[in-house]
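Student: sequence and predicted model, in that order:
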Amino acid sequence: MDSRYPPFSRSGNQESNAIPLYNRAVNTFEFHRFRFYFRALDPLHFPAGKSANVVRGAFGMLLRDTAAPAAYARLFEPRAAAGSRVPSGLADWPRPFVFRAAHLDGQTIPPGRGFFLDVHIFDVPRPALPHFRAAFEALAEAGIGPRRGRAILESVAQLDLDDCPQAVADLPLAPCLISLDPHPDPEPDDRVCLRFLTPTELKTAGGLSERPEFPILFGRLRDRLSTLRALYGAGPLDIDFRAMGERAASIRLERCELEWERVERRSARTGQVHPIGGFTGEAEYAGPLAEFLPWLRAARWVGVGRQTVWGKGDVRVKALSDAER
């Protein structure tokens with residue numbers, strides 16, 4: 001890994017991430033992206049398929065130590081408050097963040113070399129950056145990974161949608177803003193290929209889906225974005241859930257090249273073993289996809305399926321060449 005960090009821009013055009021007032025009334029989604037830059041003091045090893053899980057487990061314990069109880073509960077153990085208006089059946093809320101650390105899988109970082117991990121935070125109205133900074137500083141000092149290699153947190157940057165970093169203090173800059181509405185001048189939309197970069201598991205009524213059939217995939221993604229926005233953002237989405245679901249049923253899964261990754265984690269608190277694997281690979285869909293493309297692109301930022309906070313369900317839209325159409 002390259003130990004050199006990308007240069008920070010302390011100014012620059014962030015218009016693409018600004019939030020015009022008129023966008024408050026349409027189907028947008030806001031979130032913050034932060035990149036935490038560390039430098040290894042000892043050798044650090046990130047087991048294959050478990051980098052985000054290694055960080056997540058220790059992060060939770062140290063967040064409890066460094067944050068006030070209310071802040072810890074809001075970030076790591078969010079639950080429905082009495083009388084709160086939440087989607088039916090959500091006694092436990094999804095956590096308002098995800099880790100992005102798959103680039104560290106299987107890596108051993110030697111002393112003196114830099115590395116980073118990303119966090120996407122969805123609770124935009126209540127800045128959480130100071131809590132993450134304090135917890136990561138404590139994590140670096142206590143040691144990361146199975147061998148507890150120490151590191152130092154050197155800096156934090158805020159990223160835009162194009163991965164351009166800007167130096168940031170405790171108060172974040174304007175959040176990233178994405179639209180979930182179809183583009184007024186849509187691109188060719190009859191085929192799309194999705195790449196499942198990290199293990200993905202999709203729940204169905206009968207358990208876990210073996211294939212990412214489009215109605216199941218879109219249903220889980222739609223519900224996740226809607227729930228995150230309702231709980232932490234600008235409120236419920238203005239969409240017809242049933243009608244969109246019916247139209248999603250017309251999208252065909254035409255190619256599916258997947259591999260199942262079998263990965264397990266052991267809870268340091270309970271000793272229980274939990275599966276954290278899933279399928280990776282590519283799936284190609286065909287049909288009238290224009291209205292679904294913004295949602296599919298959003299999966300990169302929020303994840304889809306089970307255990308997204310650990311970085312699972314990172315899905316990217318892959319461009320298709322004319323020959324593949």
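Tutor: Now that the structure is in, tell me what you want to look at.

Student: correct me, but P215 touches L253?
Tutor: No: the criterion here is Cβ atoms under 8 Å, and P215 misses it with L253 at 9.6 Å. All C-beta atoms are positioned from the backbone trio N, CA, C, and that covers glycine.

Student: need phi/psi at the residue nearest to G233 when sequence neighbours are not counted.
Tutor: In space, and not counting its chain neighbours, G233 is closest to E30: 5.8 Å by Cβ to Cβ, 6 or more residues apart in numbering. The phi/psi pair for E30 (degrees, to the nearest 10) reads phi -120, psi 150.

Student: what residues are up against E30?
Tutor: I19, V124, P175, C176, L177, G233, A234 (Cβ atoms under 8 Å, 6 or more residues apart in numbering).

Student: how does it look with 7 Å?
Tutor: By Cβ atoms under 7 Å, 6 or more residues apart in numbering, the residues touching E30 are I19, V124, P175, C176, L177, G233.

Student: taking those one by one, which sit in strands?
Tutor: Among the contacts of E30, DSSP state E puts C176, L177 in strands.

Student: low-confidence ranges in the stretch 151-300 of the chain?
Tutor: By pLDDT under 70, the weakly predicted segments of the stretch 151-300 of the chain are 185-188, 263-275.

Student: quick one: the strands in it?
Tutor: Assigned by DSSP state E, counting those that start in this stretch, the stretch 151-300 of the chain shows strands spanning 151-159, 165-167, 176-179, 191-200, 203-204, 207-208, 252-261, 264-266, 273-275, 278-286.

Student: adding distance to L117 and mean neighbour count, write those strands out as a markdown table.
Tutor: Below are the strands of the stretch 151-300 of the chain laid out as a markdown table (distance: least, Cβ to Cβ, whole Å; neighbours: other Cβ atoms under 10 Å):
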| stretch | distance to L117 | mean neighbour count |
| --- | --- | --- |
| strand 151-159 | 10 | 19 |
| strand 165-167 | 13 | 17 |
| strand 176-179 | 18 | 18 |
| strand 191-200 | 14 | 21 |
| strand 203-204 | 27 | 13 |
| strand 207-208 | 27 | 10 |
| strand 252-261 | 20 | 13 |
| strand 264-266 | 17 | 15 |
| strand 273-275 | 21 | 12 |
| strand 278-286 | 20 | 19 |
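
Student: just put those in a markdown table and tack on distance to V98.
Tutor: A markdown table is the format used below for the strands of the stretch 151-300 of the chain (distance: least, Cβ to Cβ, whole Å):
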| stretch | distance to V98 |
| --- | --- |
| strand 151-159 | 14 |
| strand 165-167 | 18 |
| strand 176-179 | 13 |
| strand 191-200 | 10 |
| strand 203-204 | 17 |
| strand 207-208 | 20 |
| strand 252-261 | 18 |
| strand 264-266 | 16 |
| strand 273-275 | 17 |
| strand 278-286 | 15 |
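
Student: in the stretch 1-150 of the chain, which spans are helices?
Tutor: If DSSP state H, counting those that start in this stretch is used as the criterion, the helices of the stretch 1-150 of the chain fall at 51-66, 69-76, 129-142.

Student: and the first one, what does it pack onto?
Tutor: Read that as helix 51-66. Helices and strands touching helix 51-66, by 3 or more Cβ pairs under 7 Å, 6 or more residues apart in numbering; DSSP states H and E, are helix 69-76, strand 97-100, helix 129-142.

Student: please work out which of those is packed deepest.
Tutor: Mean neighbour count (mean count of other Cβ atoms under 10 Å) peaks for strand 97-100 among those, with a mean of 23.

Student: can you list the strands that that one pairs with?
Tutor: Strand 97-100 has these partner strands in its sheet, going by DSSP bridges: strand 114-121 (antiparallel).

Student: could you check the angle the partner strand makes with helix 129-142?
Tutor: 150 degrees (axes from the mean of the first three to the mean of the last three Cα atoms, to 10 degrees).

Student: so for strand 114-121, what's the average pLDDT?
Tutor: Mean pLDDT, strand 114-121: 97.

Student: what's the answer for stretch 57-69, then?
Tutor: Stretch 57-69 comes out at a mean pLDDT of 92.

Student: then stretch 96-105?
Tutor: Mean per-residue pLDDT for stretch 96-105: 96.

Student: okay, now the domains of this protein?
Tutor: Annotated domains of the chain cover 15-178, 182-324 [automatic domain parsing].

Student: for the last one, the distance to its chain's centre please.
Tutor: Centroid separation for domain 182-324 versus its chain: 12 Å, with Cα atoms, centre = their mean, to the nearest Å.

Student: then stretch 54-71?
Tutor: Its chain's average C-alpha position is 18 Å from that of stretch 54-71, according to Cα atoms, centre = their mean.

Student: and that stretch, C-alpha only, in CSV?
Tutor: Extracted in CSV, the C-alpha atoms of stretch 54-71 (Å, rounded to 0.1, in the frame of the first residue of the first chain):
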residue,chain,number,x,y,z
VAL,A,54,-12.0,-6.2,13.3
VAL,A,55,-12.5,-2.4,13.4
ARG,A,56,-16.2,-2.6,14.3
GLY,A,57,-15.9,-4.8,17.3
ALA,A,58,-13.1,-2.7,19.0
PHE,A,59,-14.8,0.5,17.9
GLY,A,60,-18.0,-0.3,19.7
MET,A,61,-16.2,-1.0,23.0
LEU,A,62,-14.1,2.2,22.8
LEU,A,63,-17.0,4.3,21.7
ARG,A,64,-18.7,3.3,24.9
ASP,A,65,-15.7,4.5,26.9
THR,A,66,-15.2,7.8,25.1
ALA,A,67,-18.7,9.0,24.3
ALA,A,68,-21.5,10.1,26.6
PRO,A,69,-24.1,7.3,27.1
ALA,A,70,-26.7,9.1,25.0
ALA,A,71,-24.3,9.5,22.1
